[in-house]
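model this:
(2 chains)
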2 protein chains.
Amino acid sequence: MAKNGQWRLRTRPDGMVSEANFEFVQEPVPEPAEGQVLVRNLYLSFDPAMRGWINDVKSYVPPVQIGEVMRASAVGQVLRSRHADFAEGDLVTGLFGWQEFALCDPQRGGALGAPAKLPPGAAPELALSVLGATGLTAYFGILDIGELREGDAVLVSGAAGATGSVAAQIARLRGASKVVGIAGGPRKCAWLRDEAGLDAAIDYRAGSVSRRLREEFPRGVDLFFDNVGGEILDAALLNMAERGRIVLCGAISQYNDEKLPPGPRNYMQIVIRRLTLRGFIVIDHMKRAPQAVAELARWVAEGGMAHAEDIQQGIENVPATFLRLFDGSNLGKQLLKLADAQASPGSAGA
Amino acid sequence: MAKNGQWRLRTRPDGMVSEANFEFVQEPVPEPAEGQVLVRNLYLSFDPAMRGWINDVKSYVPPVQIGEVMRASAVGQVLRSRHADFAEGDLVTGLFGWQEFALCDPQRGGALGAPAKLPPGAAPELALSVLGATGLTAYFGILDIGELREGDAVLVSGAAGATGSVAAQIARLRGASKVVGIAGGPRKCAWLRDEAGLDAAIDYRAGSVSRRLREEFPRGVDLFFDNVGGEILDAALLNMAERGRIVLCGAISQYNDEKLPPGPRNYMQIVIRRLTLRGFIVIDHMKRAPQAVAELARWVAEGGMAHAEDIQQGIENVPATFLRLFDGSNLGKQLLKLADAQASPGSAGA
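Presented below is the predicted three-dimensional model:
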């Protein structure tokens, strides 16, 4: 009898999340009831926001409960379907969690909506990165929240990460006069310059970020897309142009702090420089997703949008892969591969 | 020979500003050259922003230099004029500084523009409070930056101060569903309820501001006008409605801190609650000042806008009066009276 390997939340982290916060269990693979679909996970997605989901605090989604399978986006393949809209072999994406098999109920949905079929020909890796919630976060963040204008001098933190790398490139493709990314280490900085086509990269591990910002932006930053928070946000606040805009996407530097760390010390610069800061959550903007995905897909197809994936392997390595987000190991989208897609009955006959 | 008593910046404060940071000197009253005007100060205005002007840091105006007369707004009366636009007896307002007599050069102006004549019949106290930069800060902050909408639940900190009290009442007059002010002590809170007509007042000295905010705003704050920063801002961040707006006008709680204090610890709420924070400086909005002053004057004339002034007396008490802003002594606009207006040649003959 086939087993479903699952990682469940065992304890809530105090400070830095660790593998010990999760426990591995095996259950029989469930049978779909009428209206349900059984999905085999192919790729799991790892996102910084997941760190917030395991704190016991009210947020934009309810926290994962102790004993629950860890919530995560994934791409899977329909193994058995008892729902008219889904056929065996279909590639689907949704919040399928840290497990090998997921039982889905398309009627019920979830925070990111019901399981959705991938468009024909879509690569699972891209459906979880540039063409998924990650890329949409960058798209809506830079264009709708940040209101990018032609000629803007743009700064992106976490720029070699999945969202930051897309945000920086959208700015470049949509007419920014200059785009600079902040990342950790020479490998990521080289990728930003050579692959992503940014004007410059600032290695936050290699010296004063403030000094480098003054060099790169003598007239100040018009638009800052911030994934990182903490000292990076503080340095940027001192280098914003008058009436600059800051898009707050997240604060990965702080997610594992045991206590809430101090906020941005230089926040009075918001007054002095007449800044606008806006926070957002991608799920509010999903109505425009089809249009955004089409534009992102075109940029990828035309070679204008570089993308990188860090793909780990094996159900046993799931929690360790999650930790890679917080020690800066990953360049681009952090994924883990569980299985290859199987030729579906339909495609085998084609 | 007449003397001009002046308070000059002697040393920059480390932390809390004190009287010892200023020194009193007397100079001969100067004679206006061609094109200049000699003004006798009647009322000096005291504003929290002045604390920032004496730090040696780059800001929206250059810092006051050691040995310079302390910069301050004032209302004065023209004593001698060698400029065609100004006549003896005219009441004027401008950055005349902490002194009894000021030599003005209408061609040169300053950060707040050239000396301006008061409209006929304007009371000097009102020209420095509701109908001056103080009231305009409230007006543009609530309406243009905060984009007040009918039905908004509005919170104002420093609500018994000169700007906060006007901001809160504009919100009430322009259709907010609820307006709550935060102030220190029962006297100010009673004024907010009984004179300014707010729905409620929260005494930040009398217990948990967060708890009181939860009681007053069970569905969250739509628009928060913040003068105070620090713990008040942190408490408000935890009680904002989704897509709420925060207008950052200043942070009086922090102006005297020796080191930059930590910023708002709860700033990730900006992301989680999809907030917008905007800072502004009133001098950017002066084009719309005539329209704003007209509306403010109408509200005052019709009795819809309560205003309070704390008027100290005497050139010798100028630095001590400045300190009243930071220990919470003042209810409403902090002023100091130096002299009564004299009947002008024109008005004497009328």
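
Please, where are all the strands along the stretch 201-350 of chain A?
Residue ranges of the strands in the stretch 201-350 of chain A, as given by DSSP state E, counting those that start in this stretch, are A:221-226, A:240-248, A:276-279, A:309-313, A:333-337.

The second one - contacts with which helices or strands?
Going back to what we said before, that points to strand A:240-248. strand A:221-226, helix A:230-237, strand A:276-279 (3 or more C-beta pairs under 8 Å, 6 or more residues apart in numbering or on different chains; DSSP states H and E). For the C-beta atoms, the positions are set from N, CA and C on the backbone; glycine is no exception.

ok, and the closest non-adjacent residue to residue A:241?
Excluding its sequence neighbours, the residue lying closest to residue A:241 (C-beta to C-beta, 6 or more residues apart in numbering or on different chains) is residue A:220, at 3.0 Å.

May I have the strands that pair with the helix or strand containing residue A:40, each with its orientation?
In this assignment (DSSP states H and E), residue A:40 forms part of strand A:37-46. Using DSSP bridges, the strands paired with strand A:37-46 in its sheet are strand A:74-81 (antiparallel), strand A:101-104 (antiparallel), strand A:333-337 (antiparallel).

Contact distance from chain B - what residues of the stretch 251-350 of chain A qualify?
Residues of the stretch 251-350 of chain A lying close to chain B (C-beta under 8 Å from any C-beta of the partner chain) are A:251, A:254, A:260-281, A:284.

picking up where we left off before, which among the strands paired with strand A:37-46 is found nearest to residue A:120?
Residue A:120 lies closest to strand A:74-81 among the strands paired with strand A:37-46, at 14.0 Å (C-beta to C-beta).

how about the nearest residue to the residue most central in space within chain A, chain neighbours excluded?
Residue closest to the average C-alpha location in chain A (C-alpha atoms, centre = their mean): residue A:134, at 3.9 Å. Using C-beta to C-beta, 6+ apart and skipping the chain neighbours, the partner closest in space to residue A:134 is residue A:162 (4.5 Å).

just checking, the one you found touches residue A:331?
No. Shown here, residue A:162 and residue A:331 do not form a contact pair, counting by C-beta atoms under 8 Å, at 9.5 Å.

separation between residue A:227 and residue B:272?
15 Å (C-beta to C-beta, to the nearest Å).

I meant to write residue A:156 there.
Going from residue A:156 to residue B:272 by C-beta to C-beta gives 21 Å.

now residue A:301
Residue A:301 is 35 Å from residue B:272, where distance means C-beta to C-beta.

And those two? Which one has more around it.
Legend: neighbour count by other C-beta atoms under 10 Å in any protein chain shown for residue A:301 and residue B:272, higher for residue B:272 (21 against 9).

For residue B:206, see how far away that one is.
Distance from residue B:272 to residue B:206, by C-beta to C-beta: 29 Å.

I'd like the strands paired with strand A:37-46 written out as JSON lines, with mean pLDDT and distance to residue B:196 added.
JSON lines is the format used below for those (pLDDT from 0 to 100; distance: least, C-beta to C-beta, whole Å):
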{"stretch": "strand A:74-81", "mean pLDDT": "96", "distance to residue B:196": "56"}
{"stretch": "strand A:101-104", "mean pLDDT": "92", "distance to residue B:196": "56"}
{"stretch": "strand A:333-337", "mean pLDDT": "97", "distance to residue B:196": "54"}
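
Kindly reformat those strands as a markdown table containing mean neighbour count and distance to residue A:325.
Below are the strands paired with strand A:37-46 laid out as a markdown table (neighbours: other C-beta atoms under 10 Å in any protein chain shown; distance: least, C-beta to C-beta, whole Å):
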| stretch | mean neighbour count | distance to residue A:325 |
| --- | --- | --- |
| strand A:74-81 | 23 | 16 |
| strand A:101-104 | 22 | 22 |
| strand A:333-337 | 24 | 6 |
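
lowest-pLDDT helix or strand in chain A?
Within chain A, no helix or strand scores below helix A:345-349, which has a mean of 46 by mean pLDDT, DSSP states H and E.

Give me the spatial nearest neighbour of residue A:133, chain neighbours excluded.
Nearest residue to residue A:133, sequence neighbours excluded (C-beta to C-beta, 6+ apart): residue A:282, at 5.5 Å.

Please indicate which of the residues of the stretch 251-350 of chain A next to chain B are buried?
For these, a burial check counting by 16 or more other C-beta atoms under 10 Å in any protein chain shown picks out A:251, A:254, A:261-281.

Only the C-alpha atoms, please, for stretch A:186-200, written as PDB.
Only the C-alpha atoms of stretch A:186-200 are listed here, as PDB (Å, rounded to 0.1, in the frame of the first residue of the first chain):
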ATOM      1  CA  PRO A 186      29.900  37.800  -5.200                       C
ATOM      2  CA  ARG A 187      28.100  35.000  -6.900                       C
ATOM      3  CA  LYS A 188      24.700  36.600  -6.600                       C
ATOM      4  CA  CYS A 189      26.100  40.000  -7.500                       C
ATOM      5  CA  ALA A 190      27.700  38.700 -10.600                       C
ATOM      6  CA  TRP A 191      24.400  37.000 -11.600                       C
ATOM      7  CA  LEU A 192      22.500  40.300 -11.100                       C
ATOM      8  CA  ARG A 193      24.900  42.200 -13.400                       C
ATOM      9  CA  ASP A 194      25.600  39.500 -16.000                       C
ATOM     10  CA  GLU A 195      22.400  37.500 -16.200                       C
ATOM     11  CA  ALA A 196      19.700  39.900 -14.900                       C
ATOM     12  CA  GLY A 197      21.200  42.900 -16.700                       C
ATOM     13  CA  LEU A 198      21.100  45.300 -13.700                       C
ATOM     14  CA  ASP A 199      23.200  48.400 -13.800                       C
ATOM     15  CA  ALA A 200      25.000  47.600 -10.600                       C
END
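
circling back: after the strand holding residue A:40, which helix or strand is next?
Assigned by DSSP H and E, the successor of strand A:37-46 is helix A:49-53.

Let me see the contact set for residue A:197.
By C-beta atoms under 8 Å, 6 or more residues apart in numbering or on different chains, residue A:197 lies in contact with A:169, A:172, A:306.

what's the closest of those residues to chain B?
Nearest to chain B among the contacts of residue A:197: residue A:169, at 22.0 Å, using C-beta to the nearest C-beta.

In contact with residue A:327: list those residues for me.
Residue A:327 neighbours (C-beta under 8 Å, 6+ apart): none.

likewise residue A:247?
Neighbouring residues of residue A:247 by C-beta under 8 Å, 6+ apart: A:141, A:142, A:145, A:146, A:223, A:224, A:225, A:226, A:278, A:280.

swap the cut-off to 6 Å and go again
A:141, A:145, A:146, A:225, A:278 (C-beta atoms under 6 Å, 6 or more residues apart in numbering or on different chains).

Look up how far residue B:268 lies from the residue nearest to residue A:230 when sequence neighbours are not counted.
Nearest residue to residue A:230 in three dimensions, chain neighbours excluded: residue A:253, at 3.8 Å (C-beta to C-beta, 6+ apart). Using C-beta to C-beta, we find residue A:253 at a distance of 11 Å from residue B:268.

So for the nearest residue to residue A:71 once chain neighbours are set aside, what's the pLDDT?
Distances taken as C-beta to C-beta, 6+ apart place residue A:64 nearest to residue A:71, at 5.1 Å, with adjacent residues excluded. At residue A:64, the predicted lDDT confidence score is 95.

wait, residue A:64 sits on residue A:9?
Yes. Using C-beta atoms under 6 Å, residue A:64 is in contact with residue A:9, at 5.1 Å.

Give the residues shared as contacts by the two.
With C-beta under 6 Å, 6+ apart as the test, residue A:64 and residue A:9 both reach residue A:54.

got any ranges where the stretch 201-350 of chain A has weak pLDDT?
A:344-350 (pLDDT under 70).

re earlier: what packs against the helix or strand containing the residue nearest to the centre of chain A?
Assigned by DSSP H and E, residue A:134 belongs to helix A:133-139. Here helix A:133-139 touches helix A:162-173, helix A:289-301, going by 3 or more C-beta pairs under 6 Å, 6 or more residues apart in numbering or on different chains; DSSP states H and E.
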